[in-house]
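Q: okay, structure incoming, though there's no sequence with it:
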């Protein structure tokens, strides 16, 4: 038996944010990031709509990119003090992910972060509050997923939390918010969405329910991302839908080692953070080459290539065409080919190599590894990460 879970209600299209005025409740806490939602007027719209719904509103502001365990705990404290029956998170993946984790600690103050790190081990939520997510970026799709990523900066590790309990009750996918994204963020989040859809399609847990969502999302990202990056707002609007469809697919089919590697390299190095979507974009072509040694995976990658109109007579030719197309997209989006080139070389080569063994072991142990279509050993992961650092050929 398998499971397929999505939010009960998803409101989409321009102006969908106004649906907040129809929520039923007494108190709502709004979790938001660093200020862009306030600058563009969307935070005021949220507060106004919630008040029109008859609710008392409290703000929890300042959730940082790649939210920390400490921020989650502060937010949970604020929720316990206020006692909301709605948690409304608005912004990029970070405030929504943070709010999901806050939700668990609000309802269960005695639970531990270590307990939540065990996949599908959350306690039953909605004993105190329901959850509404409003994304402003077109990539994470956390508004429709059973996942949250929280960073422990003391350990330098990103933890993907996974449980169907944290799938939001309501998702509001309003493209007006996405139109405010700068080009670089558009590129990174767009390739994050592409990675979600491709990994979902080749996952060992793919199904008849997830495959159509994944394939259509891939075609949409392939069609609209470059134009969206170049400022075409109609393409930007379509990308907001595409990333949501990709999220529906991967929330139910799960992911693979592109995400395992991105999670464990993201905060590992002193030179700087590797932005999640950019990491996925750099690693995806290498992982496809690695996974394609598995016949079933190669055939599914070939399906993707055919579906988006790439040419090839054999499975191998189609896989290579897909890899080439993804690398071409990265180039058009000004995404580097490898870690060594990231942000002008901020990830030190000596530090990368000194941490290679431990990062590889952590990546193999990541929650996303289990559904990857080809099994991987720590030694193979070291080789794969090395290829991703230097942009060398994957031949194992």
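A: Perfect, thanks for sending it. Since we're looking at a predicted model, the values are computed, not measured.
Q: would you mind splitting the protein into its domains for me?
A: Partitioning the chain according to automatic domain parsing yields domains covering residues 9-178, 183-390.
Q: which SS state does the nearest residue to residue 45 once chain neighbours are set aside fall under?
A: Excluding the flanking residues, the one nearest residue 45 by CB to CB, 6 or more residues apart in numbering is residue 17, at 5.6 Å. C-beta: built from backbone N, CA, C; applies to glycine. Three-state call for residue 17 (DSSP: H, G, I helix; E, B strand; the rest coil): helix.
Q: one step back: in JSON lines: the domains of the chain, plus mean neighbour count.
A: Below are the domains of the chain laid out as JSON lines (neighbours: other CB atoms under 10 Å):
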{"stretch": "domain 9-178", "mean neighbour count": "20"}
{"stretch": "domain 183-390", "mean neighbour count": "21"}
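Q: with distance to residue 2 and mean pLDDT added, can I get those domains in TSV?
A: Conversion of the domains of the chain to TSV gives the following (distance: least, CB to CB, whole Å; pLDDT from 0 to 100):
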stretch	distance to residue 2	mean pLDDT
domain 9-178	12	95
domain 183-390	6	97
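Q: about what we covered before: surely the residue nearest to residue 45 meets residue 44?
A: No - between residue 17 and residue 44 no contact is recorded; they are 10.8 Å apart, counting by CB atoms under 8 Å.
Q: just to revisit the earlier point, mind putting the domains of the chain into TSV with distance to residue 1?
A: Formatted as TSV, the domains of the chain follow (distance: least, CB to CB, whole Å):
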stretch	distance to residue 1
domain 9-178	14
domain 183-390	11
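Q: can you say which of those is nearest to residue 396?
A: Distances from residue 396 to each of the domains of the chain were compared using CB to CB; the shortest belongs to domain 183-390, at 5.9 Å.
Q: what's the separation between residue 39 and residue 173?
A: 21 Å (CB to CB, to the nearest Å).
Q: should've said residue 138
A: Residue 138 sits 9 Å away from residue 173 when distances are taken as CB to CB.
Q: shared neighbours, the two?
A: Taking CB atoms under 8 Å, 6 or more residues apart in numbering as the contact rule, the neighbours common to residue 138 and residue 173 are residue 240.
Q: in the stretch 51-200 of the chain, which spans are helices?
A: According to DSSP state H, counting those that start in this stretch, the stretch 51-200 of the chain carries its helices in the segments 69-82, 93-107, 113-116, 175-178, 183-202.
Q: okay, these in a markdown table with distance to residue 299 next?
A: Conversion of the helices of the stretch 51-200 of the chain to a markdown table gives the following (distance: least, CB to CB, whole Å):
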| stretch | distance to residue 299 |
| --- | --- |
| helix 69-82 | 41 |
| helix 93-107 | 31 |
| helix 113-116 | 37 |
| helix 175-178 | 34 |
| helix 183-202 | 9 |
